[in-house]
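Engineer: Sequence below, structure please.
(2 chains)
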Number of protein chains: 2
Amino acid sequence: MATIRDVARLAGVSVATVSRVINKIGNVNSETAHQVLKAIEQLQYEPNSVARGLAGKKTGTIALILPDILNPFFPALARAVEDVAHQEGLTVIFGNSDGLGLKERSYIKTLKKKYVDGIIIASNTVNPEDIEHLRKDQVPIVLLDRGLDIPTCPIIRSQNREGAKLAVKHLLSRGCRKIAHIYGPQEMITARERLLGYEDVVEGLDWYSPSLAVPGNFDIEGGRKAIKLLLERQPDIDGVFAGNDLMAIGALKGLHDLGIPVPERIKVCGFDGISLAEITEPELTTIAQPIYEMGALAAKILIREINTGISENTIMKLDVTLIPRKSTWKEGIDVDEA
Amino acid sequence: MATIRDVARLAGVSVATVSRVINKIGNVNSETAHQVLKAIEQLQYEPNSVARGLAGKKTGTIALILPDILNPFFPALARAVEDVAHQEGLTVIFGNSDGLGLKERSYIKTLKKKYVDGIIIASNTVNPEDIEHLRKDQVPIVLLDRGLDIPTCPIIRSQNREGAKLAVKHLLSRGCRKIAHIYGPQEMITARERLLGYEDVVEGLDWYSPSLAVPGNFDIEGGRKAIKLLLERQPDIDGVFAGNDLMAIGALKGLHDLGIPVPERIKVCGFDGISLAEITEPELTTIAQPIYEMGALAAKILIREINTGISENTIMKLDVTLIPRKSTWKEGIDVDEA
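Structural biologist: You can find the predicted model right below:
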């Protein structure tokens, strides 16, 4: 029976292009599309029925494995995955891995045994071999938010590095002249990319020193401790870019404890765009990831692979947006005064 | 083969008492315990091996169905269930039902097919018939937080009505003389009990009027809208008890928008004790449920039933605690000034 690879070979295009034609997504020029469709006809390729060799065996359940349900970013992602799955008549079951490789693999094993149709996972321990194993077992997988830098399966995350640059440039434009960074665990690609984005902007500047970057563990308590450490080291910082909103909220809390006014003396910007960023006082400026779109896209791509057997092995980086709020801005204070 | 009912009959005690003796929990007087143990011996009752008639069929997976993962109360509950399950070598899979009966039943059906060993559910739609069906299928169930008022299975929640009374009495003790209540959806027993607790305290007081209670949908936006409605109706309120922390946070936000100082002019108390209550400005006074203990207890009771086949059909109401913070208290303002 013909495979998608046979179709690609005959049409003289990549597997990804064949996939785009079949699934009617992205831009394929009409000449190429014609070649692909001709090859499909000639080889009598049937993406739907051959999909995973599992016709009729579907269970109507997909799994979503998240690293930390106490960080509201992940329930918000889950919300989106569930909405899309539900529209398609699928049930989502969740796992909370604490970001531990052992628990992630145990979930994958358990869920495979329970015959889920596919898995979406936010993981920094999944490796190409894990994906290869799942592929052999015909279990589609999509990596969401955290994951590899090699697209052996669909990978969806946001423009972390670009977003970090946006944050630091915003703080500069608000008059900050010594900007610190509180970063997340560096085994996570999201945290690494945000640190890189910070360095991209500040490394050439005369006030920059590597001691301006401190770890904050991606949680509120970590952010609170980090700001205190920063102020001991560098009492004259006037801006903080935190690698996620929870650490930024912790930093706001720490600054409040110390009686340091935000935004007057220190401006703070987070990253994520979780709804909590609106309930702090002052409200938190942040780089918003399109959280709902990320979750929804992951679900759509997984469901498409379940239905067609065709995997889109690309990294999709979704755009982020600066949302300026009171933590970097106050009426009556213009940039020069700040 | 003897059942726990046979043992109870022979010993002349209730099934719950037999269960307490077997599981070594609660207080049973030694005379009764002796009778039970004698009956067990006489009937050769074996709780472990006969459990559910399912020896060897266990899957090592339990399910937790939550109504709203965007309310941080539920991820915190899930955290506890997972910790306990993990210690016992079990995997937890989650479902998010949006509190919809249709989705809850669909989850139960899906999870039963996937052979989970038991289900913990926070639901206000599960009825005694649902529980009877699960029992026939030998799937243990524990109701957590939301649920029935008839103990046909183990039910765990906190002292909602007592907690509400505690909140209102605290506001009175802080000098409030016109206290409003923002209540949650009344199909939920938790929301109903908290409204009742409010009414218990205020109904006899001369300033009380039913228009002081308004709905807030258990979310931030609902709380924000509710406080605005309240101030239109009753501009002279000086205290607000919100039926959960999210609505209290919304009320704080709404009051901040209107430029009304908290706690100077209006004092606010929430209910739940989620960690968000510490990041608002001012920090939120709240009635803390023992969230972790509730989740952990639910897991322990479910796992015990899975292992022994013995169900504890009682309602367990855990104690709540007042946590006074700045939203009802400010240094330099004593009760008479407030």
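Engineer: use CA for all of it now, contacts and neighbours both
Structural biologist: Fine.
Engineer: and the gap between A:Leu111 and B:Phe94?
Structural biologist: A:Leu111 sits 12 Å away from B:Phe94, taking Cα to Cα, to the nearest Å as the criterion.
Engineer: what does A:Leu252 give?
Structural biologist: 33 Å.
Engineer: go on, A:Tyr115?
Structural biologist: In terms of Cα to Cα, A:Tyr115 sits 16 Å off from B:Phe94.
Engineer: For those two, indicate the residue with more neighbours.
Structural biologist: A count of neighbours by other Cα atoms under 10 Å in any protein chain shown puts B:Phe94 above the other of A:Tyr115 and B:Phe94, at 27 against 17.
Engineer: For the helix or strand harbouring A:Glu104, name the packing helices and strands.
Structural biologist: Taking DSSP states H and E as the definition, A:Glu104 sits inside helix A:101-113. The elements that helix A:101-113 packs onto, with contact taken as 3 or more Cα pairs under 8 Å, 6 or more residues apart in numbering or on different chains; DSSP states H and E, are strand A:61-66.
Engineer: so for the strand it packs on, what's the average pLDDT?
Structural biologist: Mean per-residue pLDDT for strand A:61-66: 93.
Engineer: who does it pair up with?
Structural biologist: Paired neighbours of strand A:61-66 in the sheet (DSSP bridges): strand A:91-96 (parallel), strand A:118-121 (parallel).
Engineer: Which helix or strand lies directly C-terminal to it?
Structural biologist: Once strand A:61-66 ends, the next helix or strand along the chain (criterion: DSSP H and E) is helix A:73-87.
Engineer: Quick one: residues in contact with that following helix.
Structural biologist: For helix A:73-87, contacts defined as Cα atoms under 8 Å, 6 or more residues apart in numbering or on different chains pick out A:64, A:66-69, A:91-92, A:272, A:274, A:291-296, A:298-300, A:303, B:69-70.
Engineer: In that helix, which residues are buried?
Structural biologist: Within helix A:73-87, the residues scored as buried using 16 or more other Cα atoms under 10 Å in any protein chain shown are A:73-85.
Engineer: Which stretches in the stretch 101-250 of chain A count as helices?
Structural biologist: Here the stretch 101-250 of chain A has its helices, by DSSP state H, counting those that start in this stretch, at A:101-113, A:128-136, A:160-173, A:189-202, A:220-233, A:245-257.
Engineer: For these, give me CSV that also has mean pLDDT and mean neighbour count.
Structural biologist: Output for these, formatted as CSV (pLDDT from 0 to 100; neighbours: other Cα atoms under 10 Å in any protein chain shown):
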stretch, mean pLDDT, mean neighbour count
helix A:101-113, 86, 17
helix A:128-136, 88, 14
helix A:160-173, 98, 22
helix A:189-202, 97, 21
helix A:220-233, 97, 20
helix A:245-257, 96, 25
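Engineer: So which of those is nearest B:His133?
Structural biologist: Distance to B:His133, taken as Cα to Cα, is lowest for helix A:101-113 among these, at 25.1 Å.
Engineer: starting at the chain centroid, how far to the closest one?
Structural biologist: 21 Å (Cα atoms, centre = their mean, to the nearest Å).
Engineer: tell me the angle it makes with strand A:91-96.
Structural biologist: Helix A:101-113 runs at 160 degrees relative to strand A:91-96, counting by axes from the mean of the first three to the mean of the last three Cα atoms, to 10 degrees.
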